[in-house]
Structure formats: C-alpha cells, structure tokens
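1. Provided below are the primary sequence and the corresponding predicted coordinates.
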Amino acid sequence: MQKRALGKGLAALIPKKPKEEIAAREFVHLSLNKIRIGKYQPRQEMNPVELSELTRSIREKGIIQPVLVRKTGEDEYELVAGGRRYQAAKLLELKDIPAIVKELDDKDTFILAIVENLQRTDLNAIDEAQALKRLMDEFAFSLEDVAKVVGKDKTTIANTLRLLKLPLEIRKALRKGIINRSQARTILSVSGETKQISLFHDILKGGLSVREIEKRTKPKKKKDDPFVRELEEKLQQALGTKVTITNKRTNKGKMIIEYYSLNDLERITRRIT
C-alpha cells in the first residue's frame, strides 16, 4: 500500500505552486460537457442554500479557483475535486470551467475527493462515514490510515463509522440534517432497532436535546468500576477501535470489540495475536 499521502491531505498530492509555475498542460479551460462526475465523489447530496450562494458568487465574480480533474479518455475527464463549483457552473449554463488536470490513480482520486470535501464544507455525517468505509473496503486502509488521511483521531473515525449501524430511517434523517451527529450517537447507545426508532420519533416530536436524550437512555445501574473503565480506555487506544466492557457483580462479564470492515477485523486480529 502506498502511504506517501497519509497525514498530508491535499498538499501531498497537489503541492502548492505559484500560478506561473503550473505547467500549461495542467491548467486548461474545459467544456462542461467533457467532464463527468466520478464514482469516487463522496458527497451524495448538496445543501441547496450553499449551492445557491455559490452560484450567486460565481455569477458576480466568476470562478476564482479551478476544479481538479483527471483524464479518462481521448477528450474525457473525471471530476476529482470541486463538485459544488461544477454544479454551480452548470446551473449558470457556462460553456467551460477552469480546471487543473492531474494524473491520479483511483486511490489518490478518492483521497483527494474526501479531504477536499472535509476541508471546504463538512460532508454530512452519513456521506462521510460511507466514504471512510469505502477507503477501508476498496483500498485496504486500516483505521489508522484513514485517521492520518483525514487528520482526525482513530476514536473520532470509529464513532463516525458506527453511524452506519443506525436504521435506514435514521440515517436518512441524519443525512438531511433533521437530526445532528450528537443526537445520532446517543441513539446508538440504545440497544435494538425498534427502541432506536422509537427514540428517534420522540426526538422529532419533542425536539429533545442530547442531554435530555441521555437522561432517557441512561440505565440505572451501580457506579462504574474505575478499574474496568481504565482497562476499556487502554484497549481502545491499543486496538484503535471502540471497546465496551460490561462487568457483573460475579466478576464475570463480556467485552465487545467493534470492527468496521473485514480489513479492520484482520488488523485488530493481528494486534491481538
């Protein structure tokens, strides 16, 4: 696996250069008809308000920053970064758009698309989680690799991936911004799809805050054993994933180690063995 780009984001793949140093073959004006949306675009939905604002700005000032594309045929190009600029240009019925053409493989294309979206305008939580999971499934990235690429810690990545375990109805609401990430994570603390959906509907009806949701979901139980909680935290750091330990009065219990793809399972297994 190539790791030259890990932890460096866009700069690792597209070093910053003064405009006069950009090769003529890289900077061009391309007809919009020659550019297609690539399969590695992580954003499934665009915020209509943000798109409208960008469209108005481009109408008044033009496109200040070129989109990034890669060549896929004799006179065909695939969009890598700049999806909102591309869509705004289409809405304005522009004939062409300034673009930088780079030679990129599938992996670098996907990395750039994810990082560009995260750095400019946050992806909704579900699009982000699906994009991160694709990195793990299609390009054999470990949780650590993903964390380095997007510049977040492993726990944050693990918590984002867990959102994909939510029922479809709740995932759709999260994607559309009807509920936020904090509310969604709290819903995940409830066991069982039926209970999760019931709580979700209560949130919609009552506009419950995260604190109110936690009060409803937090079970009455004896005080956590600090020794067990410390072990739990150490295991999470060591394995790079969420670990839950339930300890019963008999000093028996269970330990749940979560994984988010077969590659992730293999990585955790290697750590343990």
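-> Great, that's in hand. Numbers count the residues shown, from 1 in each chain.

2. name the residues of the helix or strand hosting residue 173 that come out as buried.
-> According to DSSP states H and E, residue 173 maps onto helix 168-175. If you call a residue buried by 16 or more other CB atoms under 10 Å, then helix 168-175 has these buried ones: 170-171, 173-175. For the C-beta atoms, the positions are set from N, CA and C on the backbone; glycine is no exception.

3. which of the residues you listed sit farthest apart?
-> 170 and 175 (9.7 Å; CB to CB).

4. closest to residue 68 among the buried residues of helix 168-175?
-> Of the buried residues of helix 168-175, the one sitting nearest to residue 68 (CB to CB) turns out to be residue 175, at 24.9 Å.

5. name the nearest residue to the closest one, sequence neighbours excluded.
-> Nearest residue to residue 175 in three dimensions, chain neighbours excluded: residue 126, at 4.3 Å (CB to CB, 6 or more residues apart in numbering).

6. doesn't residue 31 make contact with residue 94?
-> No - in this structure residue 94 lies outside contact range of residue 31 using CB atoms under 8 Å: 9.7 Å.

7. so residue 42 lies in a strand, does it not?
-> No - counting by DSSP: H, G, I helix; E, B strand; the rest coil, residue 42 falls outside a strand, being coil.

8. quick one: the strands in the stretch 1-150 of the chain, in order.
-> Using DSSP state E, counting those that start in this stretch, the strands of the stretch 1-150 of the chain run over 27-31, 35-37, 67-73, 76-81, 96-101.

9. now those in JSON lines, with distance to residue 50?
-> Shown next, in JSON lines, are the strands of the stretch 1-150 of the chain (distance: least, CB to CB, whole Å):
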{"stretch": "strand 27-31", "distance to residue 50": "24"}
{"stretch": "strand 35-37", "distance to residue 50": "18"}
{"stretch": "strand 67-73", "distance to residue 50": "16"}
{"stretch": "strand 76-81", "distance to residue 50": "16"}
{"stretch": "strand 96-101", "distance to residue 50": "18"}
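
10. and those, which is most packed in?
-> Of all those, strand 76-81 has the most neighbours on average by mean count of other CB atoms under 10 Å, namely a mean of 21.

11. about what we covered before: so what touches the helix holding residue 173?
-> 44-45, 124-127, 163-164, 166, 179-181, 184, 187, 196-197, 200, 204 (CB atoms under 8 Å, 6 or more residues apart in numbering).

12. what do you get if the cut-off is 7 Å, keeping everything else the same?
-> 45, 124-127, 163, 179, 184, 187, 196-197, 200 (CB atoms under 7 Å, 6 or more residues apart in numbering).

13. and the residues you listed, which is closest to residue 90?
-> residue 45 (16.1 Å).

14. residue contacts, residue 41?
-> Taking CB under 7 Å, 6+ apart as the test, what residue 41 contacts is 79, 83, 113.

15. where's the dip in pLDDT among those?
-> Within the contacts of residue 41, pLDDT reaches its minimum at residue 113, with 80.

16. name the nearest residue to it, ignoring sequence neighbours.
-> residue 40 (5.2 Å).

17. ok, residue 242 next?
-> residue 258 (4.6 Å).

18. run through the stretch 151-273 of the chain and note the low-pLDDT ranges.
-> The stretch 151-273 of the chain contains residues with pLDDT under 70 at 217-224, 248-250.
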